[in-house]
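Visitor: Sequence and predicted structure are below.
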Amino acid sequence: MRKYFIAGNWKMHKTASEAVALATELVKELKGGPNKYMIAPSFTALDAVSKVVKGTNILLGAQNMSTDEQGAHTGEVSVLQLKDLGVQVVILGHSERRHIYKEDDAMINKKVKLALSHGLEVVLCVGELLEERESGKAEKVCEEQTRKGLAGVSAADLKKVTIAYEPVWAIGTGKTATPEDADAIHAFIRKVIADMYGKAAADEMIIQYGGSMKAENAAALLAKENIDGGLIGGAALKADTFKPIALCK
Ligand code: 13P
């Protein structure tokens, strides 16, 4: 049985003190909650939030990391630095990284392998642009991002990977994929995983949905067979809007 994995991606929001306040509220509200949880604050708040979530049922996530362990990479943050702060999970290949900052699949794959080699869990994001969906290429794009993102990842390491399907046109737009459309892509991604790693690994793979997920639509999305959680942006920025999603069973 796959357990829901509900994660908040706080993106470039909140000062360290605001992040601590939200994390403190979530620790209280989600204590004993039925699902797996993660919150991913900005780098600048990781240290402070780490102290709040340590020893709780909320994992600490980072939103990105460098392709390299250390060195001359001005402005980047390394896996060693994240681990030092208690980070347990890293989001990689987010559409904002792919499209605004031009990260390609090779770069994302390098990050995925580096994170896994240091024992971090990875949330690998995949998803198509609106024009790709409209021209019938959604599956092709998701397959390519999945295969290239996971190239060279062992079956043992795959257990530490979650895939987040985030249709780019649904992110921060208020438009959500219908539960049926999302489930169809999730099922397709699971088929790709089965082809790469076998059916047992595919059956275990947690595939989150992301893109304007909120209290009003979460239950219907999560009820679908292949939707195993959510990667939530806007609705993760307040305990009141995150909690109803996080407590879905
Ligand atoms: P929204 O929930 O704000 O659409 O963001 C989704 C997302 O990109 C999470 O990573």
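Guide: The structure has been received and is ready for your questions. This one's a predicted model, so the numbers in the text were calculated from it and none came from an experiment.
Visitor: For the residue of the chain found nearest the ligand, give me phi and psi.
Guide: When scored by C-beta to the nearest ligand atom, the chain has residue 233 as its residue closest to the ligand, at 2.3 Å. Quick note: C-beta positions are derived from backbone N, CA and C, even for glycine. Residue 233 adopts backbone torsions of phi -100, psi -90, taken as degrees, to the nearest 10.
Visitor: For residue 194, see how far away it is.
Guide: 29 Å (C-beta to C-beta, to the nearest Å).
Visitor: Comparing the two, which shows the higher neighbour count?
Guide: residue 233 (22 against 15; other C-beta atoms under 10 Å).
Visitor: and that one, what pLDDT?
Guide: Per-residue confidence at residue 233 stands at 98 (pLDDT).
Visitor: hang on, isn't it packed against residue 171?
Guide: Yes - taking contacts as C-beta atoms under 8 Å, residue 233 lies within contact range of residue 171: 6.7 Å.
Visitor: shared neighbours of those two, which are they?
Guide: Common contacts of residue 233 and residue 171 (C-beta atoms under 8 Å, 6 or more residues apart in numbering): residue 210.
Visitor: can you tell if the least confident helix or strand in the chain by mean pLDDT touches the ligand?
Guide: One helix or strand of the chain scores below all others by mean pLDDT, DSSP states H and E: helix 130-134, with a mean of 93. No - using C-beta under 6 Å from any ligand atom, helix 130-134 stays clear of the ligand, coming no nearer than 13.8 Å.
Visitor: could you pull out the helices for this protein?
Guide: Along the chain, the segments classed as helices by DSSP state H run 16-30, 43-53, 79-84, 95-99, 105-117, 130-134, 138-150, 155-158, 179-197, 199-204, 215-222, 239-246.
Visitor: These: lowest mean pLDDT?
Guide: Ranked by mean pLDDT, the helices of the chain bottom out at helix 130-134, with a mean of 93.
Visitor: I would like the residues contacting that one, please.
Guide: So helix 130-134 is contacted by 138, 140, 141, 167, 168, 169 (C-beta under 8 Å, 6+ apart).
Visitor: Repeat that for stretch 142-161.
Guide: Residues outside stretch 142-161 that contact it (C-beta under 8 Å, 6+ apart): 92-93, 105-106, 108-109, 112-113, 116, 119-124, 126-128, 163, 165, 185, 188-189, 192-193, 196-198, 201, 204-205.
Visitor: can you give me the end-to-end distance of it?
Guide: The first and last residues of stretch 142-161 sit 16 Å apart, counting by C-alpha to C-alpha, to the nearest Å.
Visitor: For it, what is the distance to the chain centroid?
Guide: Taking C-alpha atoms, centre = their mean, to the nearest Å, one finds the center of stretch 142-161 at 14 Å from the center of the full chain.
Visitor: got it, and stretch 171-181?
Guide: With C-alpha atoms, centre = their mean as the basis, stretch 171-181 stands 16 Å off its chain's centre.
Visitor: Got phi/psi on residue 173?
Guide: phi -100, psi -10.
Visitor: Give me the number of neighbouring residues for residue 204.
Guide: 15.
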